[in-house]
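S.K.: Could you work out the structure for the sequence below:
(chains A and B)
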Amino acid sequence: MTTTTATTPAKYWNGGKSPFNVEYGKLMMWYFLMSDAFTFGAFLISYGTTRFATTGWPNANEVFSSYPFKPEGSSPAPLIFVSIMTFILIISSVTMVLAVHAGHNMDKKGVVKYLILTILGGLAFLGCQAWEWTHLFHEGAWWGRNPFPNSDGTISTTNFTNFFFTITGFHGFHVFSGVVINVVMLIMALFNKFEQRGHYLMIEKAGLYWHFVDLVWVFVFTCFYLI
Amino acid sequence: MEHTAKAALEHGHKPDATVKEIWKVTGILTVLTIIELVLGYWMYASKEMGDTSKHFIKGAIIILMMAKAFYIVGYFMHLKHELRNLIMTIVVPLILFVWFIIAFLYEGNSYHNLKNEYNGYYKERNEQKMEKKEEPKEEHKEQKKMD
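M.R.: The predicted model follows:
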């Protein structure tokens, strides 16, 4: 049936077949993610606007230049910690696709295995973020407080820290809810809920959300740490 | 539930091919991220880099970011293999971002120019150096209290 739909695209809207060929929940997840993309987009664009409207700006490489257990007095190490965070999230995204793929094959063991790995990845990312926030807080940075001078040594505004904590916080909250959703999926899989339903489509929806979280991090990471 | 059973057959690849594709995309994402990091580090490390080349590198990083986004949405989120109808309902509204980004960054830049041209206080304040890292912390607190 699918092959016929693929070859006769004009008939999509004549009834009798699903014009999008996805089930309702998945389509709505896509639309939700689209609206969420606009929320994040608005955040990041307001950050960009403020940055364009400001003369000086702190150098991210000087601000984010530490990692856990860094020897006291060693030279600053920019990008190292954040690249670890980035790779954690990419890898957890990969394990999520593999979980979805296992679901397609009705492979319960595979779904459980890859979901556990994805959850661990999410928790590792949240741990990294918690460390980074704590570290910055001890350096004197928080909402409304910015101890870091502009890259040319001039006085900076608190916009830098306000945007950083708001946007990474909003993203971290998404990661947290993604982990919760994945835990729920894992429990449902363990209790054979999906076997009873005869399909693992729920994992796909959770997967879409999780990939979106990874996608947002790609943008947050680029905007805050690289440029 | 029809969708699941068909999903693997639908796009003409066998299950193994799907896994292969996943790993291929993982490799691409990793390589793109590493290039981004190298460019970012290069920008940080080279002291005498001019503003033009910095902007150029930033542009390159943004292009790499878009490429990563494409691979995540297209392959991990499977959008590339969905029907064209679905792709269009997702992608077309996102075109709004083109206006969104251009308009607001232009606005920010204009505000920046206006402030520097007409607001002498703003301009002067931007030339003041911040004192050593340790001191401002306490000063900030004192200022807060006074406020």
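
S.K.: mind listing what B:Glu127 touches?
M.R.: B:Glu127 is in contact with A:Thr154, counting by Cβ atoms under 8 Å, 6 or more residues apart in numbering or on different chains. All C-beta spots, glycine's among them, are computed from the backbone N, C-alpha and C.

S.K.: Just the element for it, please.
M.R.: Taking DSSP states H and E as the definition, B:Glu127 sits outside all helices and strands.

S.K.: Show me the shaky parts of the chain.
M.R.: As the question left the chain open, I've gone with chain A. Along chain A, segments meeting pLDDT under 70 span A:1-10.

S.K.: Chain B was what I was after
M.R.: Counting by pLDDT under 70, chain B has low-confidence residues at B:1-15, B:132-147.

S.K.: residue in chain A nearest to chain B?
M.R.: A:Phe52 (3.2 Å; Cβ to the nearest Cβ).

S.K.: quick one, phi/psi of that residue?
M.R.: Main-chain torsions, A:Phe52, degrees, to the nearest 10: phi -70, psi -30.

S.K.: Just want the residue of chain B that's nearest chain A.
M.R.: Relative to chain A, the nearest point of chain B is B:Gly108 (3.2 Å; Cβ to the nearest Cβ).

S.K.: Number of residues surrounding the closest residue to that residue other than its chain neighbours?
M.R.: Leaving out its chain neighbours, the residue that sits closest to B:Gly108 by Cβ to Cβ, 6 or more residues apart in numbering or on different chains is A:Phe52, at 3.2 Å. Using other Cβ atoms under 10 Å in any protein chain shown, A:Phe52 has 18 neighbouring residues.

S.K.: show me what contacts A:Phe52?
M.R.: B:105, B:108-109, B:111-112.

S.K.: Of those residues, keep whichever come out buried.
M.R.: When neighbours are counted using 16 or more other Cβ atoms under 10 Å in any protein chain shown, the contacts of A:Phe52 contain these buried positions: B:105, B:108, B:112.

S.K.: So the first one sits against A:Thr49, correct?
M.R.: Put plainly, it is B:Leu105. Yes. B:Leu105 lies in contact with A:Thr49 (Cβ atoms under 8 Å); the separation is 6.2 Å.

S.K.: Work out for me the element A:Ile45 sits within.
M.R.: helix A:24-52.

S.K.: how about that helix: buried residues?
M.R.: Buried-residue list, helix A:24-52, by 16+ other Cβ under 10 Å: A:26-27, A:29-30, A:33, A:37-38, A:40-41, A:43-52.

S.K.: what separates B:Ser53 from B:Met43, distance-wise?
M.R.: 9 Å (Cβ to Cβ, to the nearest Å).

S.K.: do B:Tyr118 as well
M.R.: Separation of B:Tyr118 from B:Met43 (Cβ to Cβ): 32 Å.
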